[in-house]
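*Asks:* Quick one: sequence plus predicted model below, questions after.
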Amino acid sequence: MRIDIVTIFPEYLAPLDVSLIGKAAAAGILDIRVHELRTWTHDRHNTVDDSPCGGGPGMVMKPEPWWEALTGLVPPGTEAGTRLIVPTPSGRPFTQRVAEDLATASHLVFAPARYEGIDRRFVEAAAERMPVEELSIGDYVLAGGEVAVLVMVEAVGRLLPGVLGNAESAKDDSFGHASEGGMAGLLEGPVYTKPATWDGREVPPVLLSGNHAVIARWRRDEALRRTAAMRPDLIEGLDPDALDKKDRAR
Ligand SMILES: CC(C)N1CCN(Cc2ccc(Cn3ccc4ccc(-c5n[nH]c(N)c5C#N)cc43)cc2)CC1
């Protein structure tokens, strides 16, 4: 998957060079390219913003540099397989299901804005050339879209074949599709490691029993318990078929 990110703060995307996503890029699974928006300005001050039409606080990002950037990165006639992602507080919620959908694309272009956002005409013009997703990562206000791009690239990238090792498969992700017997659709329960006793607190003996069936049942019970406590909305949304007979008996 090729990922292009256009921003006035390229350094904000440095975390994509490390860890999981950095390794995927080094392995060639991801081709991540970060671009400075001002590359596509032509005035002495490399202007990317102007005052809002109709008045109001702040500044609005001009459509021209964004349009030139998009056209330069996705020349007319080469849009097949490309989707434009615009992070915005007024966007559709970015969820695991959206991440799974975006993971099917061959090319994602991210347009993280600053100020009050981008002139609406950019999104309208882009939507005539390729699918445009206006997405929000949550109900809180950020100062720009770069943090959202970091979130989305990690959530999408980890779903691509070869990015997660077999041991860390995404198949049982929380928020993923609930599947019979799997943990998908539920929150993770508690996790433990050595020592068996720490601070006078013991690891639940079942986890030291070696009985994998009993351990799996215990983990599912704990996941259900935590989900019911922290996110009852997810329980309501579970596909009834994803709950096995013992779950229903709880
Ligand atoms: C009346 C007047 C004082 N109000 C002023 C605040 N306006 C809303 C407003 C608020 C902040 C920003 C800053 N910003 C610029 C680009 C950008 C991209 C994403 C996000 C963003 N925030 N939260 C998320 N979950 C996001 C995502 N994804 C924020 C961004 C832009 C716009 C509403 C009008």
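*Replies:* Okay, I see it. These numbers were taken from a predicted model, which means no experiment stands behind them.

*Asks:* who are the neighbours in contact with the residue lying closest to residue 162 once chain neighbours are set aside?
*Replies:* On the basis of Cβ to Cβ, 6 or more residues apart in numbering, the spatially nearest residue to residue 162 that is not a chain neighbour turns out to be residue 29, at 5.2 Å. Glycine gets a C-beta too; all of them are placed from N, C-alpha and C. Residue 29 makes contact with 1, 157, 160-163 under the criterion Cβ atoms under 8 Å, 6 or more residues apart in numbering.

*Asks:* Out of those residues, give me the one that has the most neighbours.
*Replies:* Counting neighbours by other Cβ atoms under 10 Å, residue 157 leads the contacts of residue 29 with 25 neighbours.

*Asks:* contacting residues around that residue?
*Replies:* Applying Cβ under 8 Å, 6+ apart, the residues near residue 157 are 1, 20-21, 24, 29-30, 163.

*Asks:* Adding distance to residue 123, pLDDT and secondary structure, write those out as TSV.
*Replies:* Formatted as TSV, the contacts of residue 157 follow (distance: Cβ to Cβ, whole Å; pLDDT from 0 to 100; DSSP: H, G, I helix; E, B strand; the rest coil):
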residue	distance to residue 123	pLDDT	secondary structure
1	22	98	coil
20	30	96	helix
21	26	97	helix
24	29	97	helix
29	29	98	coil
30	25	98	coil
163	30	96	coil
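
*Asks:* Now for those residues: which two are most distant?
*Replies:* Spanning the widest gap among the contacts of residue 157 are 1 and 20, at 14.0 Å by Cβ to Cβ.

*Asks:* if I look at residue 223, how far off is residue 175?
*Replies:* Plainly put, residue 223 is 12 Å away from residue 175 if you go by Cβ to Cβ, to the nearest Å.

*Asks:* name the element the residue nearest the centre of the chain belongs to?
*Replies:* The structure's the chain has its C-alpha centroid closest to residue 152; by Cα atoms, centre = their mean the separation is 2.5 Å. For residue 152, the enclosing helix or strand under DSSP states H and E is helix 146-157.

*Asks:* Which of the residues in that helix are classified as buried?
*Replies:* Buried residues in helix 146-157, defined by neighbour count with 16 or more other Cβ atoms under 10 Å: 146, 148-157.

*Asks:* repeat for stretch 205-216
*Replies:* For stretch 205-216, by 16+ other Cβ under 10 Å, it's residue 207.

*Asks:* Please work out which residues outside it touch it.
*Replies:* For stretch 205-216, contacts defined as Cβ under 8 Å, 6+ apart pick out 192, 196, 218.

*Asks:* try 6 Å
*Replies:* Stretch 205-216 is touched from outside by 192, 218, with contacts defined as Cβ atoms under 6 Å, 6 or more residues apart in numbering.

*Asks:* average pLDDT across that stretch?
*Replies:* For stretch 205-216, the per-residue pLDDT values average out at 98.

*Asks:* how far does that stretch sit from the chain's center?
*Replies:* Here the centre of mass of C-alpha atoms in stretch 205-216, compared against the chain's by Cα atoms, centre = their mean, to the nearest Å, lies 33 Å away.

*Asks:* All set now, cheers.
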